[in-house]
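Participant: Mind folding the following:
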Amino acid sequence: KRLRRPSDPPDRSTMAGMQDSLSAKYSKWDNIELSDDESDCHPNIDKDSWFRMKHRSRVEREENEDAEKQKLTAQNKGDEERLAEVRERLAEEEEEEDKEA
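Facilitator: Prediction:
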């Protein structure tokens, strides 16, 4: 078998193996959020202003999400406390019924 020179085209088996491995490696980039995506910027809008506005809206959205998460966490904690209280009362009622019977 002769040695492959850099100018020789790669054989089909090598290309197929490379293509399979490359397609699997890039799947993690499918759902990435790009902050400097220029495709949605109108040509009449200053790019720096557009990026500042996009950044500000992203920061505000993240702050709102954090506030909502904290609100739900506090609500969940209150619900868990209420559930524990109800279970306690239920256990007491069952004990009283057992004593009466």
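Participant: burial of residue 88, as a residue count?
Facilitator: 10 (other C-beta atoms under 10 Å). Backbone N, C-alpha and C define where each C-beta goes, glycine included.
Participant: cool, residue 51 as well?
Facilitator: 15.
Participant: Can you say which helix or strand has it in it?
Facilitator: If you go by DSSP states H and E, residue 51 is part of helix 47-100.
Participant: With residue 44 instead?
Facilitator: Residue-wise, residue 44 maps onto no helix or strand under DSSP H and E.
Participant: any idea how far it is from residue 51?
Facilitator: Relative to residue 51, residue 44 is positioned 15 Å away (criterion: C-beta to C-beta, to the nearest Å).
Participant: model confidence over the helix holding residue 51, on average?
Facilitator: What helix 47-100 shows for mean pLDDT is 93.
Participant: Can you spell out which helices and strands pack onto that helix?
Facilitator: Here helix 47-100 touches no other helix or strand, going by 3 or more C-beta pairs under 8 Å, 6 or more residues apart in numbering; DSSP states H and E.
Participant: let's number from 10 now, not from 1
Facilitator: Yep, numbering from 10; the last one is helix 56-109 now.
Participant: Check which helix or strand residue 14 maps to.
Facilitator: Judged by DSSP H and E, residue 14 forms part of no helix or strand.
Participant: where does it land on pLDDT?
Facilitator: 70.
Participant: So what does residue 54 have for phi and psi?
Facilitator: phi -100, psi 130 (degrees, to the nearest 10).
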